[in-house]
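**Q** have a look at this prediction, sequence included:
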Amino acid sequence: MGIYLLYGPERYLLENRVKKIKKDFGTLVQGINFIQIDESNISGIISDIETPAFGYENKLIIAKNTGLLKKEKRGSKNSVSKDEQNENKKKSNSLSDQLAQYLLEHEKIFKEDVTLVFIEEDVDKNNLYKAIDKIGEVTDFELLKLPQLIDNITKICNAYKVKINSDTAKYFIECCGTNMQDLVNEIRKLIEYSGTNGEITKDMVDKLCIKQLDSVIFDLTDNLGRKEIAKSLEVLNNLIYEKEPIQKILITLYNHFKKLYIVKMCEKYNKDLILALNLKPNQMFLTTKYKAQARYFKLEELRKIMQELIDLDSNYKLGRIDLNIGLESILCRYCS
């Protein structure tokens, strides 16, 4: 029993926690000892808490995205009038405060009869949050940083008696991204391929995994920096063959060169690189990769490539050039 507030961007670990709560609870019968609540039926939550679970000793209530703990997003557009927004906010705040008071006054219910789980994207630390924090458990599922991602991937492999060293695990994450659910999906393929007592290698990652576009762009830019035009074009053509939208490739390539340009500018004017790159907390390990890759290029070269990509985009939208041909031309010009 108890009260839980689970929130944050790392949804894979959050959902695993919910699964564990359900498993530990035991038999669940929808509408009897298992109630699901969202913003549409949140007004009856106190009644749901107090209604007996006929035939069962305990009850599990999962309240997901209720709006009672919602953090307002600045500048968000809404078709509802300002007066209606204010009225809705008052109602939400009123119920939120009412529920906060109820939880504090009826703590015994959640020790003996009811498990109440709130699941939110993000939260405002209002009175309801403070009440849950006081008598229950609040967990912020933050995005995992590289060491934590490596640790999780290693543990999954160990569970299946498959080896993966930290260097390979890091390479796997660099290729497949930092979303834990995506990583789990990809690591399962590698585990199945390597078999019990096998070992996952970088070659397996290259052969079997679906690489994130950003990772492939790193490969393309590495080849470009070394003036290896054949390999650069091979990477580009592979992306096109795999039906990656060509305009998405163009935008990603531009954003990548922009980051390399930022690295050079920060080095030149002694500015804070991490702040300038504006990376997510779980992407900080990419800073080293950007710095290493920026060494291939002069500041003026980066400025020129970025302008050529902007011009290509404009000419494509005006129907003057094919994007495939335009991108190949830019790569060839740089390597000539």
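**A** That came through fine.

**Q** just the strands in the stretch 151-300 of the chain please.
**A** Shown for the stretch 151-300 of the chain, no strands are assigned by DSSP state E, counting those that start in this stretch.

**Q** so how many other residues sit close to residue 46?
**A** Counted with other C-beta atoms under 10 Å, residues neighbouring residue 46 total 14. For the C-beta atoms, the positions are set from N, CA and C on the backbone; glycine is no exception.

**Q** residue contacts, it?
**A** Residues near residue 46 by C-beta atoms under 8 Å, 6 or more residues apart in numbering: 98, 99, 102.

**Q** run a quick neighbour tally on the last one.
**A** Using other C-beta under 10 Å as the criterion, residue 102 is surrounded by 16 other residues.

**Q** hang on, it in a helix?
**A** Yes. According to DSSP: H, G, I helix; E, B strand; the rest coil, residue 102 belongs to a helix.

**Q** helix or strand for the nearest residue to it once chain neighbours are set aside, which one?
**A** Spatially, and ignoring its direct neighbours in sequence, residue 102 is nearest to residue 46 (5.8 Å; C-beta to C-beta, 6 or more residues apart in numbering). Using DSSP states H and E, residue 46 sits in helix 45-50.

**Q** what packs against the helix or strand that that helix is followed by?
**A** Using DSSP H and E, the helix or strand that follows helix 45-50 in sequence is strand 59-64. If you count contacts as 3 or more C-beta pairs under 8 Å, 6 or more residues apart in numbering; DSSP states H and E, strand 59-64 packs onto helix 11-25, strand 34-37, helix 45-50, strand 114-120.

**Q** out of the ones you listed, the one nearest residue 222 is which?
**A** helix 11-25 (29.8 Å; C-beta to C-beta).

**Q** lowest-pLDDT helix or strand in the protein?
**A** The helix or strand of the chain with the poorest confidence is helix 82-105; it has a mean of 75 (mean pLDDT, DSSP states H and E).

**Q** export the helix or strand that that helix is followed by as CSV, just CAs?
**A** With elements assigned by DSSP H and E, the helix or strand that comes after helix 82-105 is helix 109-112. C-alpha atoms of helix 109-112 as CSV (Å, rounded to 0.1, in the frame of the first residue of the first chain):
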residue,chain,number,x,y,z
ILE,A,109,-6.2,4.4,4.2
PHE,A,110,-3.1,4.3,2.1
LYS,A,111,-1.2,2.3,4.7
GLU,A,112,-3.9,-0.4,5.0
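
**Q** would you mind listing the buried residues in helix 109-112?
**A** Across helix 109-112, burial judged by 16 or more other C-beta atoms under 10 Å covers 109, 110.

**Q** try stretch 255-262
**A** Within stretch 255-262, the residues that count as buried by 16+ other C-beta under 10 Å are 256, 257, 259, 260, 261, 262.

**Q** pLDDT on it, on average?
**A** The pLDDT scores in stretch 255-262 average 96.

**Q** let me see the mean pLDDT of stretch 282-293.
**A** The model assigns stretch 282-293 a mean pLDDT of 91.

**Q** could you do stretch 15-35 as well?
**A** 93.

**Q** please point out which parts of that stretch sit buried.
**A** Those would be 17, 21, 25, 33, 34, 35, for stretch 15-35 by 16+ other C-beta under 10 Å.

**Q** widest-spaced pair of those residues?
**A** Across those (C-beta to C-beta), the longest gap, 19.9 Å, separates 17 and 33.

**Q** switch the helices and strands packed on strand 59-64 over to TSV; also include distance to residue 273.
**A** Listed next are the helices and strands packed on strand 59-64 as TSV, based on distance: least, C-beta to C-beta, whole Å:
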stretch	distance to residue 273
helix 11-25	29
strand 34-37	45
helix 45-50	47
strand 114-120	33
